[in-house]
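Engineer: Here you go, sequence then predicted model.
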Amino acid sequence: MTKRMWMALISLAGLFLGIYLTLYHYGYVGSLVCGVSSCETVQSSRWSMFLGVPVATWGAGFYVVMLALSLAGMQDRFAYSRGLALGMVALAAWGVIFTAWLNYLEAFVIHAWCEWCLGSAAMVLVLFLLAVFDWRELRAAESVDGL
Amino acid sequence: MAKKRVEAGRGRKPGVVKSAKKPGANRAFYMIIGAIAVLGIAALTYVSTRPKTGTTINPYDSTLPKVASQGYVMGSPAAPIEVVEFGDFECPQCGRFATLTEPDIRTRLVDSGRIRFRFIDFPLDMHRNTWNASRAAACADEQGKFWQMHDAIFANQDRWNTEATDNPDKVLKEIGKTVVPNADQFNQCVDTKKTQAKIQAHWELATARHLPGTPTFLIGDQQLPQFLGYDDFKKLVDDAIAKGGPKDAAPLGDTSKAASLKKGE
């Protein structure tokens, strides 16, 4: 499978995770399956909202856009699009920065870790790496083409 | 020719891209993405519709006559400050605090007369069995055994919580039997939900403060919605005592004071 296929798969899984945490935030689903985790502490903290929207919903939105870009990138029309490849790198980079900020809050401010958030952080990091490798591959292809 | 180079440059052998367009080549991708979609939708449907293990339940009964109760107090009335914990018996972090931090607090701060400690129930909607635990603890209080029951409930959290059972009262009665002198009276109290109004009074104290979660501690002029280890807890106590009070964190029924505490957190 190509990198973009992997990105689409990861994005879809992340989307479901984002939806789940959003439903949890609004009380539509019960306690998280977290054992002795601190998901409740994280989810009930004031940092679980960003610009009036739950952080989980921002995450779901991120994964929707990434999924759409990945699926578009699998089409012939966008297979060699610099804009699309760069867009994926930029979006994933923003995701990494936002996630890093959330992890910082968990570690040093809230003093609690949520496994689901950490799972999402890992997915965002993999998406970023895949996007960078995809971009480098495209650039390599262009340099070969330019010979 | 250029197209071939591009394809080669992307690390694909000639023909790979072409073959990728065949229906069979992408079959794995579509099968996996289909499986993720089906599993994801099924999981979301399950967690949002399961009747018992996930449904938020708040058994608040507005028809019950209101009672005045401000939690449970341990320690000397002459202590320089009072520390308040708003706790949820089913909250893992409250359990962690009760089992790891609280023993030291009792021996080093409460028994020595440095603080008075107050526990107030804040049963959260996200925990299905927590009201049962709060009622059972209040039933033990009728026999002067609140703190013993408090400790036993937290120590056995994994036996009666939402994940463990659909019948928490049965387990709580087993726990209560080891704590209270009169098990029959305790069982009757649990079965009749005799202490429901008391827990509601505690819940109202917590909701009036718009607390973000549990455990939340009031220490001096600080409101701390988080787990605290002993060292952090003691430092906050020392600071509060050094500031000279207030002796009580805030008048518990005074929500205007609670609002100012929230701003200053």
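Structural biologist: All right, it came through fine. Numbering: from 1, shown residues only, chains lettered A, B, ... in the order given.

Engineer: Do a quick rundown of the helices in chain A.
Structural biologist: A:3-25, A:39-43, A:55-73, A:82-105, A:115-145 (DSSP state H).

Engineer: Redo those helices as CSV? Include mean pLDDT and mean neighbour count.
Structural biologist: In this view, the C-beta of every residue, glycine as well, is placed from N, C-alpha and C. Below are those laid out as CSV (pLDDT from 0 to 100; neighbours: other C-beta atoms under 10 Å in any protein chain shown):
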stretch, mean pLDDT, mean neighbour count
helix A:3-25, 89, 22
helix A:39-43, 68, 24
helix A:55-73, 92, 21
helix A:82-105, 91, 17
helix A:115-145, 88, 18
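
Engineer: quick one: which of those helices is nearest B:Pro212?
Structural biologist: helix A:39-43 (9.2 Å; C-beta to C-beta).

Engineer: Next up, the contacts around A:Ala56.
Structural biologist: A:18, A:20-22, A:24-25, A:48 (C-beta atoms under 8 Å, 6 or more residues apart in numbering or on different chains).

Engineer: ok, which pair from those is furthest apart?
Structural biologist: Checking the contacts of A:Ala56 with C-beta to C-beta, the most distant pair is A:Tyr20 and A:Ser48, at 14.0 Å.

Engineer: residue closest to the middle of chain B?
Structural biologist: The residue lying closest to the centre of chain B (C-alpha atoms, centre = their mean) is B:Cys91, at 2.6 Å.

Engineer: How many neighbouring residues does the nearest residue to it once chain neighbours are set aside have?
Structural biologist: Leaving aside its chain neighbours, B:Cys91 sits nearest to B:Thr214 (4.6 Å; criterion: C-beta to C-beta, 6 or more residues apart in numbering or on different chains). By other C-beta atoms under 10 Å in any protein chain shown, 30 other residues sit near B:Thr214.

Engineer: Provide a list of residues in contact with B:Thr214.
Structural biologist: B:86-88, B:91, B:93-94, B:122, B:124, B:225.

Engineer: Of the residues you listed, just the buried ones, ChimeraX syntax please.
Structural biologist: Selection command for ChimeraX covering only the buried members of these, criterion 16 or more other C-beta atoms under 10 Å in any protein chain shown:
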select /B:86,87,88,91,93,94,122,124,225
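
Engineer: Mind picking the one among the contacts of B:Thr214 that's closest to chain A?
Structural biologist: B:Gln93 (5.5 Å; C-beta to the nearest C-beta).

Engineer: Which parts of chain B belong to which domain?
Structural biologist: As given by automatic domain parsing, the domain ranges for chain B are B:2-49, B:72-263.

Engineer: With distance to A:Val109 as new columns, can the ones you listed be given to me in TSV?
Structural biologist: Output for these, formatted as TSV (distance: least, C-beta to C-beta, whole Å):
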stretch	distance to A:Val109
domain B:2-49	28
domain B:72-263	9
